[in-house]
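S.K.: The sequence isn't on hand, but the structure is:
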């Protein structure tokens, strides 16, 4: 009987010790799972930040690409204020100013104003079209005025081309 009692105490002691070890291992596993979930949450948050930054980078690359395209376009067209001023349409207008002082005979037709805007767009990298897109409240007359003022014409000369009195 004493040996059986000692063996039973020994078995109970081993069972109790194994339960403590299992509980300790379970606590470690729970702690590791908790830490793992925190790390996974941080990873997801960082991935979301990286995606946002990637989108911003993509937008910036598109903007840079657009700017580069415009620069290439401007280089290929050899945009130049002098080439605008020396264009056939502008030379015709300048000669009209020099020849006529009567506002009614110096007035430009609608076709001539349209030609002036087209010439400005051609030589100034679509400057007038860009203005009308960026400032939609500008009227055609405002755009004509801008094209004429780039030619360094005075308000008096411009008024004669519009066929109105300077006053």
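M.R.: Yes, it's here. All values reported here derive from a predicted model rather than from experimental measurement.
S.K.: switch to C-alpha atoms for all contacts and neighbour counts from now on
M.R.: Fine.
S.K.: Give me the contacts around whichever strand or helix holds residue 116.
M.R.: In this structure, residue 116 sits in helix 110-123 according to DSSP states H and E. For helix 110-123, contacts defined as CA atoms under 8 Å, 6 or more residues apart in numbering pick out 77-81, 83-84, 87, 89-90, 126-129, 143-144, 147.
S.K.: Swap in 10 Å and give it another go.
M.R.: Contact with helix 110-123 is made by 74, 77-85, 87-90, 92-93, 108-109, 124, 126-130, 140-141, 143-148, 150, 161-162, as judged by CA atoms under 10 Å, 6 or more residues apart in numbering.
S.K.: From those, list the buried ones, please.
M.R.: When neighbours are counted using 16 or more other CA atoms under 10 Å, the contacts of helix 110-123 contain these buried positions: 74, 79-80, 83-85, 89-90, 93, 108, 124, 126, 128, 143-148, 161-162.
S.K.: for the chain, what's the longest helix?
M.R.: Using DSSP state H, we find that the single longest helix of the chain is helix 2-77.
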